[in-house]
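# Just the structure for this:
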Amino acid sequence: MTYDDLIPVMRRLAIEAGAKIMEIYNSDEFEVKVKSDESPVTEADEAADALISAGLRAAFPDVMLVTEEQADSHSTSGDTFLIVDPLDGTKEFIHRRGDFTVNIALVEKGVPTRGVVYAPARERMFFTLADGSAVEETGAFDPDTIGETKAIRVADSDNSALMVVASKSHRDQATDDYINKYAVKDSKSAGSSLKFCLVATGEADLYPRVGRTMEWDTAAGHAVLGGAGGKVVRFDDHNPLTYGKDGYANPFFIAFAPGVELKKA
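Below is the predicted model:
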């Protein structure tokens, strides 16, 4: 598997999954179930997962695959793997708020090196090119042909007037307490992995997450942000956030443009 092979496949599968998700999203009603961890899952999660998993396994049969909706994959471990969240932001989807994404990433030696984040209801698509740089695509989102793209880059942050983005569904007092350590010009809420992408494009400087996430929630956004010059570190000690951890659970973290002077937890 080369990066030149991987990128078109990840992008195509994200767009095809997004189309399937929007078909269900725009229907009159859809079924919502509750998983063992009390989180919701819909038929859109399951349909998108089936499509992406089949596509990745067909294209890259020798590469380990970890996906949120397949519990058997959560006990695997390896140095290099593909990791998928077929519908990140299920609560946003259920409430028809639009801030949900399709996430596909490649992790190598603990680092998400390539990824795609597609927000079909927002008509925004972010991905890394084969060289690792990050772009946003605009246009028709043809599965087979990459449209017009523009390189994205993190902001040259002004620490006296920072733009902060935080979770829409999981914002709490601990998050606000941390944000209040900074000189904030404005803050916005967003769902799913879009928050990483807003830092990647320079629309925000800082995204702190003081709450539970899994690696499939963050890997694709992390890859896009890394390709745009940004960083993701652990909340407690500011060491890089790594992947392939036991059970694929993340600690609290901070995603940011490198010009931000990070405050202690």
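# how much space between Gly139 and Ile146?
To Ile146, Gly139 is 9 Å away according to CB to CB, to the nearest Å. In short, each C-beta sits where N, CA and C put it, glycine included.
# Compare neighbour counts for those two and give me the winner.
Applying other CB atoms under 10 Å to Gly139 and Ile146 shows that Ile146 carries more neighbours, namely 18 against 12.
# Determine the longest helix present in the protein.
Among the segments of the chain that qualify as a helix by DSSP state H, the longest is helix 3-25.
# C-terminal to that one, which secondary structure element comes first?
Going down the chain from helix 3-25, the next helix or strand is strand 32-34, by DSSP states H and E.
# Tell me the strands beside that following strand, with direction?
strand 40-42 (antiparallel) (DSSP bridges).
# what residues does the partner strand touch?
Here strand 40-42 makes contact (CB atoms under 8 Å, 6 or more residues apart in numbering) with 24, 30-35, 69, 87, 90-91, 93-94.
# Contacts for whichever helix or strand comes after that strand next, please.
Toward the C-terminus, strand 40-42 is succeeded by helix 43-59 as the next helix or strand (DSSP H and E). Identification of contacts with helix 43-59 by CB under 8 Å, 6+ apart yields 5, 9, 12-14, 16-18, 20-21, 24-25, 30-31, 63, 65, 67-70, 82, 84, 86-87, 90, 93, 102, 104.
# End to end on stretch 52-66, go ahead and measure it.
One end of stretch 52-66 sits 11 Å from the other (CA to CA, to the nearest Å).
# Also stretch 150-157?
Stretch 150-157 end-to-end distance (CA to CA) = 20 Å.
# With stretch 165-181 instead?
One end of stretch 165-181 to the other measures 14 Å (CA to CA).
# Buried residues, it. List them.
Val165, Ala166, Ser167, Lys168, Thr175, Tyr178, Ile179 (16 or more other CB atoms under 10 Å).
# Between those, which sits nearest Pro208?
Checking those against Pro208 by CB to CB gives Tyr178 as the nearest, at 5.2 Å.
# Give me the contact list for whichever strand or helix holds that closest one.
Tyr178 belongs to helix 173-179 when assigned by DSSP H and E. Residues from elsewhere that reach helix 173-179 (CB under 8 Å, 6+ apart): Val164, Ala166, Ser167, Ser187, Leu206, Pro208, Arg209, Val210, Gly211, Lys263, Ala265.
# who does whatever helix or strand comes next after it pair up with?
Counting by DSSP H and E, the next helix or strand C-terminal to helix 173-179 is strand 184-190. Sheet pairing for strand 184-190, assigned by DSSP bridges, gives strand 162-167 (parallel).
# how far is the partner strand from where the chain is centred?
Relative to the chain's own centre, strand 162-167 is displaced by 16 Å; criterion: CA atoms, centre = their mean, to the nearest Å.
# returning to that earlier point: among the contacts of strand 40-42, the buried ones, what's the PyMOL command?
Provided next is the PyMOL selection string for whichever of the contacts of strand 40-42 are buried by 16+ other CB under 10 Å:
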select buried, resi 24+69+87+90+91+93+94
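# Please consider this matter closed, and thank you.
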